[in-house]
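> Next comes the sequence, and after it the predicted model I'd like to discuss.
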Amino acid sequence: MAVFGYLDELLPLYKGKDKNIYKGLLYLKNISAKTFKMVRADKPHKDEFCGKKIFAINQCYLPKDHSQAKFEGHEAYIDIQFIFSGCEEIYLVSRCDCQKETVYDKEKDIQFFKSKVWSSIYLKPGMAAIFYRQDIHAPSLNCGIKGIIKKSVVKVTARG
């Protein structure tokens, strides 16, 4: 089940409970504007700080119109999506309420879905959302505030 809130709220929830998610949250707590200096809109920057077990993809982009929403899910990794600056809306739906649109791509750890129902999460600076296997999500959507979004997605291995 998805969990979201400010980092200062999430850190105590995972301390001593899930060391990999906690490490991912600590990484996010320590990023700064310098983290995004190497990031261009057309080229995210991958930061491997725990090898393939935990890594971050730092990105800058303009949010998408709601008509461009693409529901995605992951098998191998849990997503921790963190907004450094800007604001975005993310649609969220249970895997149980979706229909598969594509086959699972093991190499890219992604599968796309479609759904007629969903809830919305709004993330603003300092907030993160943790998406597990059952949390199908459509990120990067316009929340009504213009401007570039600076975001880090920490990928935490879902197995072991």
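Nice, thanks for sending it over.
> Can you pull out the low-pLDDT segments for the chain?
160 (pLDDT under 70).
> ok, which stretches of the chain are helices?
In the chain, the helices defined using DSSP state H lie at 7-14, 19-29.
> Of these, flag the one that's most buried.
helix 19-29 (a mean of 19; mean count of other C-beta atoms under 10 Å). Yep, even glycine has a C-beta here, placed from its N, CA and C like the rest.
> Check what contacts it and list those residues.
7, 10-11, 14-16, 47, 49-50, 53-54, 56, 78, 80, 82, 128, 130, 152, 154, 156-157 (C-beta atoms under 8 Å, 6 or more residues apart in numbering).
> ok, of these, which come out buried?
Buried members of these, counted by 16 or more other C-beta atoms under 10 Å: 10-11, 14, 54, 56, 78, 80, 82, 128, 130, 152, 154, 156.
> Need these in TSV (columns: distance to His66).
As requested, the buried ones among the contacts of helix 19-29 are exported to TSV (distance: C-beta to C-beta, whole Å):
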residue	distance to His66
Leu10	26
Leu11	31
Tyr14	31
Ile54	31
Ala56	27
Ile78	25
Ile80	23
Phe82	22
Ala128	22
Ile130	23
Ser152	23
Val154	25
Val156	28
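> ok, the residues you listed vs Lys37, which is closest?
The shortest gap between Lys37 and any of these belongs to Ser152, at 13.4 Å (C-beta to C-beta).
> my read: the closest one touches Phe55, true?
No. If you go by C-beta atoms under 8 Å, Ser152 and Phe55 don't touch, sitting 10.5 Å apart.
> thinking again about what came up before, filter the contacts of helix 19-29 down to the ones in strands?
When those are checked against strands (DSSP state E), the matches are 47, 49-50, 54, 56, 78, 80, 82, 128, 130, 152, 154, 156-157.
> Just give the number of residues close to the closest residue in space to Gly5 that isn't next to it in sequence.
Nearest non-adjacent residue to Gly5, counting by C-beta to C-beta, 6 or more residues apart in numbering: Met127, 6.5 Å away. Neighbour count for Met127, taken as other C-beta atoms under 10 Å: 19.
> Just grab the bridge partners of Met127 for me.
Tyr6 (DSSP bridges).
> Please tell me I have it right and it contacts Phe4.
Yes. At 6.6 Å, Met127 and Phe4 qualify as touching, with contact defined as C-beta under 8 Å.
> Quick one: residues contacting Ser85.
Taking C-beta under 8 Å, 6+ apart, one finds Pro125, Ile148, Ile149, Lys150 in contact with Ser85.
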